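K.L.:
Generate a structure from the sequence data that follows.
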Amino acid sequence: MTSISQRFQSLRNNNQCALIPFVTAGDPDLQTTREAIRILDRNGADFIELGIPYSDPLADGPVIQAAATRALQKGTKLEHVLEMLAQESPNLQAPIILLIYYNPILNRGIKSFLAQVANVGVRGLIVPDLPLEEAEELINTAAEFGIEVILLVAPTSSKERIEAIAKYSQGFIYLVSVTGVTGVRSQLQDRVKTLLSQLRSITDKPISLGFGISGPEQALQARDWGADGVIVGSAFVQRLANGSPAEGLQAIEEFSQELKGALAQSSLQTASLTQ
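P.N.:
Numbering: from 1, shown residues only. Below you'll find the model as predicted:
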């Protein structure tokens, strides 16, 4: 199975920017999540970020918090999500990245948890409440199972901290575009371009931009500023939650095609300029 690093290298070789959609597992129900990841995989997703619902999601804005609450009310548990992934991941082209808070990992034991998620095809982890100073054990143990732990760089991070995160992050570096929680925003702040340049001067690892990308315009802007990938969360979760499950699935299919089309256009323009 392709690793995150290998997929990014392939995308770079073809001058492509990765589309990384996010959905919350179990919202509105786990069968819809199953259909959603199939649809995203067929319609441009280079990776799929799957959020495990948690009762205290500190980094998530109101849209994703509400989705997690609905999923928990439906009785969604980690075991149910992993059972679904065990069936679906062999059929997917896009590597699966779990977003999960640290307490469920600790409760199961780091090695036991990693063995379990690796066995169902998970290729990456994002643990938003795990500080760099406490991440070494998880990073090293995950590597034994072929799982890459992706670390987040905040806009408020110092130069020294950015360098440390860039050194230890695996797969790619998750650059948070705003101070605060996730959510749909109308435009990217200009300082994001500076942050991207700063990170690029420090590392050659792929950099993906997340938090606040809500449409093709922001995705295209992030790509043209130098991002290797764009992470789109609340905008997908919102569409999936509107109307019936069938209507939500159709909405994310169209949205994924729209985003991928914008990123592909940007790639073609860049390629033509370099020829």
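
K.L.:
Now do the helices in the stretch 51-200 of the chain.
P.N.:
When assigned using DSSP state H, counting those that start in this stretch, the helices of the stretch 51-200 of the chain occupy the ranges 62-73, 78-88, 102-108, 110-119, 136-144, 159-168, 191-202.

K.L.:
longest helix anywhere in the chain?
P.N.:
Ranked by number of residues, the top helix in the chain under DSSP state H is helix 245-274.

K.L.:
Identify each buried residue in that one, please.
P.N.:
245, 248-249, 251-253, 255-256, 259-260, 262-263, 266-267 (16 or more other Cβ atoms under 10 Å). To be clear about C-beta, it is placed using only N, CA and C from the backbone, and glycine gets the same treatment.

K.L.:
mind putting the residues you listed in a markdown table, pLDDT and distance to residue 128 included?
P.N.:
Putting the buried residues of helix 245-274 into a markdown table (pLDDT from 0 to 100; distance: Cβ to Cβ, whole Å) gives the following:
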| residue | pLDDT | distance to residue 128 |
| --- | --- | --- |
| 245 | 96 | 27 |
| 248 | 98 | 25 |
| 249 | 98 | 27 |
| 251 | 98 | 26 |
| 252 | 98 | 23 |
| 253 | 98 | 27 |
| 255 | 98 | 24 |
| 256 | 97 | 23 |
| 259 | 96 | 23 |
| 260 | 95 | 26 |
| 262 | 92 | 27 |
| 263 | 93 | 25 |
| 266 | 55 | 28 |
| 267 | 51 | 29 |
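
K.L.:
sorry, back to before: deepest of the helices of the stretch 51-200 of the chain, which one?
P.N.:
Of all the helices of the stretch 51-200 of the chain, helix 62-73 has the most neighbours on average by mean count of other Cβ atoms under 10 Å, namely a mean of 19.

K.L.:
Could you tell me the angle between it and helix 78-88?
P.N.:
Following axes from the mean of the first three to the mean of the last three Cα atoms, to 10 degrees, one obtains 100 degrees for the angle between helix 62-73 and helix 78-88.

K.L.:
burial count for residue 129?
P.N.:
A count of neighbours around residue 129, defined by other Cβ atoms under 10 Å, yields 14.

K.L.:
how close does it get to residue 158?
P.N.:
Taking Cβ to Cβ, to the nearest Å as the measure, residue 129 falls 20 Å from residue 158.

K.L.:
one step back: the longest helix of the chain - contacts with which helices or strands?
P.N.:
Contact here means 3 or more Cβ pairs under 8 Å, 6 or more residues apart in numbering; DSSP states H and E; on that basis helix 245-274 packs against strand 18-24, helix 30-42, helix 216-224, strand 229-232, helix 234-241.

K.L.:
With that, I have no additional questions.
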